[in-house]
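Q: Could you work out the structure for the sequence below:
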Amino acid sequence: MASVSLEPEALADIDEAHNWYERRQPGLGDRFEDHPDDVFEWILSNLKACSEVRPGIRKHNLRTFPYTVYFRAVPQGIVVFAVLHGARHPGRWKRRF
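A: Now for the predicted structure:
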C-alpha cells in the first residue's frame with residue numbers, strides 16, 4: 001500500500017498555514033489542515049498528472065486554498081517536502097534540497 005511521508009519542513013508549513021487561517025477565521029485553519037490529506041490521496045492515485053518542476057520533483061496545487069504541495073515519488077509512495085502558498089516564497093521549495 002502506498003504511503004505519504006512528510007518532511008519536518010512540510011509539517012511546519014502546514015502548521016504555519018493552519019495558524020494563519022485560524023487567526024483570520026476560527027475553524028478555517030482546521031479546514032486547511034484537513035485538505036492536504038485528501039490531496040495526498042489524489043496524488044497517490046494520479047502521480048503522472050502532477051507537473052514535474054525538476055527531475056524527480058513534482059507539484060500539485062490545492063484547489064480550495066492557494067497552496068502547492070511539492071513532493072517526490074518513492075517506491076513506497078510519496079515524500080512531501082513543502083506545502084507553500086503560491087504567491088509567497090515562490091522559490092522557497094528549491095532551498096530544501
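
Q: quick one: contacts of the lowest-mean-pLDDT helix or strand in the chain?
A: Of all helical and strand segments in the chain, the minimum by mean pLDDT, DSSP states H and E falls on helix 28-45, at a mean of 88. Here helix 28-45 makes contact (CB atoms under 8 Å, 6 or more residues apart in numbering) with 2, 4, 14, 17-23, 50, 60, 62, 64-65, 67, 69, 71, 77-78, 80, 83. For the C-beta atoms, the positions are set from N, CA and C on the backbone; glycine is no exception.

Q: One more pass at 7 Å, please.
A: Residues outside helix 28-45 that contact it (CB atoms under 7 Å, 6 or more residues apart in numbering) are 2, 4, 14, 17-19, 21-22, 50, 60, 62, 64-65, 69, 71, 77-78, 83.

Q: Check the average confidence over whichever helix or strand comes after it, would you?
A: Next helix or strand after helix 28-45 toward the C-terminus (DSSP states H and E): strand 51-54. With pLDDT averaged residue by residue, strand 51-54 scores 92.
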